[in-house]
Every structure is written in C-alpha cells, then in structure tokens.
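Undergrad: Quick one: sequence and predicted model below, then my questions.
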Amino acid sequence: MKTKISSLLIVAFLPIALISLSNAQESAASNQPSSESNAIGVIPQLEQAYITLANANHDYKGHRAKAMFHIKAAIRKLGASDSAKDGKVREAQTASDAQLRSAQGILEQVQPQVTGKVLFHVQKAIEELTTALSIR
C-alpha cells in the first residue's frame, strides 16, 4: 500500500518538478550573455574590413563581393545596422590586392573573438578572400 501511494505521489509531482526545473534553466540561460553579444566590440573591425573591401577593385570573380556579404551578415548578427556602403573606387590591381589582404588580416584578428553564426560568416569571408587573392 505504501509503495502504491509513493508511486502515485511521484507521478503526481514529477511534472511540477520538471516544469520548475525547466523554468530555472530558462531563467539561468536568459541571464547569461550570449557569446555573440560578447563579441560586439569587434563590430568596428568588421566594418573596417567591409569598407576596405568596398574600396578595392571589383574584379575578383565575385569572391570579394561574397566576402563582403559574409562580413555584413556577421555585423547584422551582432545587432549592428548596415552603416557601411559599397564602394565604387577603381584602383590598380596591386593596390586592390593589398586592400583584400588588409581586410583578411582584420578578419583573422576578429576570428578568435567570435562564435556561432558570426564566426561562420567571418570564416566564409576569409575563405572568399583567399580565393579572390588566388585569381590572376
């Protein structure tokens, strides 16, 4: 008889305990800053990389533009607005290559400071710049 009552009590109170545990976990999670929100300090660097690429020559078979897309996506994931504009400057190929290398260096500095989707976009931008710089 005691075992039956104990079993009934467990069955009756288990859902309440699970709901309480779930609410406590949600509350703890909402109090923890996300990794992406911790990386907000890299926004100026990402914007600088974007502007650097915007001012570079446009003849990298679309890879420069794809890198810019990923940088802009990373900036948006961090909650910043699209303040950087696309450039329309034409410059010598060597100067343009230097612009791409500069932007790639900035992204490589940012990479260890970000996580999640922001990291994905930063890595994709680096890949696109590597491909763009291999085009002759």
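TA: Alright, I've got the coordinates.
Undergrad: quick one: the helices in this structure?
TA: Assigned helices in the chain, in chain order: 2-31, 35-38, 43-54, 63-77, 93-110, 116-134 (criterion: DSSP state H).
Undergrad: could you give the mean pLDDT of the third one?
TA: Taken as a whole, helix 43-54 carries a mean pLDDT of 91.
Undergrad: repeat for the fifth one
TA: Summarised as a single mean, pLDDT over helix 93-110 is 92.
Undergrad: Also the shortest one?
TA: Model confidence over helix 35-38 averages 56 on the pLDDT scale.
Undergrad: Also the fourth one?
TA: For helix 63-77, the mean pLDDT works out to 93.
Undergrad: list the buried ones in that helix?
TA: For helix 63-77, a neighbour-count test (16 or more other CB atoms under 10 Å) marks 63-64, 66-75, 77 as buried. For every residue, glycine as well, the C-beta is placed using N, CA and C.
Undergrad: which helices and strands sit right next to that helix?
TA: helix 43-54, helix 93-110, helix 116-134 (3 or more CB pairs under 8 Å, 6 or more residues apart in numbering; DSSP states H and E).
Undergrad: Would you mind saying which of those helices lies nearest residue 81?
TA: Of all the helices and strands packed on helix 63-77, the one in closest proximity to residue 81, counting by CB to CB, is helix 43-54 (10.1 Å).
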